[in-house]
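Q: can't give you the sequence, but here's the structure:
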């Protein structure tokens, strides 16, 4: 079977020069297509999937590292609080009963009379260490509260300031009103 070009030449509808030119144009187009294909990067789905998997693995590793760092920081804070309490705890021996609340439950400690006075004046604070209550100086309690507020159970100076502030506000509310001189009961 002859090509269409050969049939056109036999029929006399085309000459050899135009056929030669058509073949040359066709070859040029084929070469251009080949060059364009080579210039375009070859998209390999397996490579893309491998890159995505590597990126996901990196993201997961970063997330795990961040969680481990947070856990290390948490343990470090717990160790710091434990050390502050053990180094600064006051010896508790006495017959005076110290009452305080923890989780809406009244708790009791037996302390000396001097320690009871210091706790009520706000110089000592009650802190929690391994399910046991200890007394530490107020500045140490401040340092503990900076690291872990839940460890400081009772501070008298904080309780008094809240109650006094409310009483002063209530008294100030009446300060704007004058008491009449002719008031009779």
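A: Done, it's in. A quick note: this is a predicted structure, and the numbers were derived from the prediction, not measured. Numbers count the residues shown, from 1 in each chain.
Q: chain center to the helix ranked longest in the chain, what's the gap?
A: When the chain is parsed with DSSP state H, its longest helix is helix 45-88. Between the centre of helix 45-88 and the centre of its chain there are 11 Å (C-alpha atoms, centre = their mean, to the nearest Å).
Q: Which residue lies nearest the spatial centre of the chain?
A: Taking C-alpha atoms, centre = their mean as the criterion, residue 70 is the residue nearest the geometric centre of the chain, at 8.6 Å.
Q: and residue 107, what helix or strand is that in?
A: In the assignment (DSSP states H and E), residue 107 maps to strand 105-111.
Q: Oh, that last question was meant for residue 33, not what I typed.
A: Counting by DSSP H and E, residue 33 is part of helix 16-39.
Q: Flag every buried residue along that helix.
A: Buried positions in helix 16-39, judged by neighbour count with 16 or more other C-beta atoms under 10 Å: none. Using the backbone N, CA and C atoms, a C-beta is placed for each residue, glycine as well.
Q: Counting by contacts, list what it packs against.
A: helix 4-11 (3 or more C-beta pairs under 8 Å, 6 or more residues apart in numbering; DSSP states H and E).
Q: Quick check: mean pLDDT of the helix it packs on?
A: Throughout helix 4-11, pLDDT has a mean value of 80.
Q: what is the orientation angle of that helix with helix 16-39?
A: Counting by axes from the mean of the first three to the mean of the last three C-alpha atoms, to 10 degrees, helix 4-11 lies at 170 degrees to helix 16-39.
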